[in-house]
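Q: Next comes the sequence, and after it the predicted model I'd like to discuss.
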Amino acid sequence: MTLEDLIAEIQRCFSSTASVPPMTVRQAHLADQSLFREISDEEWQAARGEVHVRWLDVSDAELCAGLSALDHFDASSLHFYLPAYLRFSVRHVGADLLSAEGELLGSIVHTLTHKSAYNLARLSGLADEQKHCVVSVLRWIAAHSQVYASDAQKGLDRLWLNPEGWASVELQIPT
């Protein structure tokens, strides 16, 4: 599979992802800052900024600018932005670890491979075709990344290619 083939697969598998996300990348990044400071309603609304109606319109620069956003999306927003992150990861698979692209690639791999109830709950709503696409992306990373190959392969083995992987973590929905 070539890079172009993989990007086409991402576009095909996530072509129906067209709803407006509840959170933007800037808001999710701001949510990270709420851990150590109060965010006013005005600041939150200003962070909403331009809302994309298609994930294809989300730029790599926007994803890098919201470096911590991925960990703070609700499930609906994650589903909207996930294909943009997948496309980013295959485009930047060789990024230097200390670059913004390398840091974001690490965050993407972590989100896709970290076996926690929180992550699994957010990813569980993916359609089977979309899950297969995630597997293709993780295989690409495992084959082409000097930094994240091992983590991608472990995630494939423990979660994505393991029938027991999704069932072995008790999903807890906060009440």
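A: Thanks, I have it.
Q: hmm, who's touching stretch 69-88?
A: With contacts defined as C-beta atoms under 8 Å, 6 or more residues apart in numbering, stretch 69-88 is touched by 7, 10-11, 13-14, 17, 19-29, 31-32, 55-56, 58, 60, 63, 101, 104-105, 107-108, 111, 121-123, 125-126, 130, 133-134, 137. Placement of C-beta: from N, CA and C, glycine included.
Q: which among those end up buried?
A: 7, 10, 13-14, 17, 21, 23-29, 31, 55, 58, 60, 63, 101, 104-105, 107-108, 111, 122-123, 126, 130, 133-134, 137 (16 or more other C-beta atoms under 10 Å).
Q: What sits closest to residue 13 if chain neighbours are left out?
A: Once flanking residues are discounted, residue 13 sits nearest to residue 133: 4.0 Å by C-beta to C-beta, 6 or more residues apart in numbering.
Q: What of residue 49?
A: residue 26 (5.5 Å).
Q: Report the mean per-residue pLDDT for the host helix or strand of the one you found.
A: Using DSSP states H and E, residue 26 maps to helix 25-33. Helix 25-33 shows a mean pLDDT of 74.
Q: any residues touching it, and which ones?
A: Outside helix 25-33, the residues touching it (C-beta under 8 Å, 6+ apart) are 23, 39, 43-44, 47-49, 58, 62-63, 65-73, 77, 81.
Q: picking up where we left off before, ok, the residue nearest to residue 13 - contacts?
A: Neighbouring residues of residue 133 by C-beta under 8 Å, 6+ apart: 9-10, 13-14, 86.
Q: Which helix or strand lies directly C-terminal to the helix or strand harbouring it?
A: Assigned by DSSP H and E, residue 133 belongs to helix 128-144. Note on helix 128-144: by DSSP H and E, the next helix or strand toward the C-terminus is helix 149-155.
Q: Packing partners of that following helix?
A: Under the contact definition 3 or more C-beta pairs under 8 Å, 6 or more residues apart in numbering; DSSP states H and E, helix 149-155 sits against helix 100-113, helix 128-144.
Q: Just put those in JSON lines and tack on distance to residue 94 and mean pLDDT.
A: Putting the helices and strands packed on helix 149-155 into JSON lines (distance: least, C-beta to C-beta, whole Å; pLDDT from 0 to 100) gives the following:
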{"stretch": "helix 100-113", "distance to residue 94": "9", "mean pLDDT": "94"}
{"stretch": "helix 128-144", "distance to residue 94": "7", "mean pLDDT": "96"}
